[in-house]
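**Student:** Provided below for reference: sequence and predicted model.
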Amino acid sequence: QVQLVESGGGSVQAGGSLRLSCAASGRTFSSHNMGWFRQAPGKAREFVATINWSGRSTYSAASVKGRFTISRDNAKNTGYLTMNSLKPEDTAVYYCVAGSGWGDDKYEYWGQGTQVTVSS
């Protein structure tokens, strides 16, 4: 069992940066892929980025490629999403996920989400 807790969300102006963290509990975190999804008001949940268990392979949605970077530190049981050049359309609740999924596949574990608001 893996429990995920996101932090680092907040409000920022367009062009700014934020770094989201995902703290995992449970001894198996380092054996799971992890990723980030987001959901804006009135819209479907959207895949953002994923990283494999070792951290050697990543994949990002086209909408964030070149602006967002996913990473992880298995020694700290923590994953990260570094977001640069933020746009108002990046405003959403961001969810950390972990499990056997890859890309926008299903993941077994989900966090509660953290709000990111980007103003123009």
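**Tutor:** Looks like it came in fine. Residues are numbered from 1 along each chain as shown.
**Student:** element containing the residue nearest the centre of the chain?
**Tutor:** The residue lying closest to the centre of the chain (C-alpha atoms, centre = their mean) is residue 36, at 2.8 Å. Using DSSP states H and E, residue 36 maps to strand 33-39.
**Student:** tell me which strands and helices that strand is in contact with?
**Tutor:** Contacts defined by 3 or more C-beta pairs under 8 Å, 6 or more residues apart in numbering; DSSP states H and E place strand 33-39 against strand 18-25, strand 46-51, strand 68-73, strand 92-99. All C-beta atoms are positioned from the backbone trio N, CA, C, and that covers glycine.
**Student:** Could you rerun that using 7 Å?
**Tutor:** Strand 33-39 sits against strand 46-51, strand 92-99, with contacts defined as 3 or more C-beta pairs under 7 Å, 6 or more residues apart in numbering; DSSP states H and E.
**Student:** Do I have it right that the residue nearest to the centre of the chain meets residue 98?
**Tutor:** No: taking contacts as C-beta atoms under 7 Å, residue 36 lies outside contact range of residue 98: 10.5 Å.
**Student:** where are the low-confidence patches of this structure?
**Tutor:** Within the chain, no stretch has pLDDT under 70.
**Student:** Please repeat the previous calculation with a cut-off of 80.
**Tutor:** 27 (pLDDT under 80).
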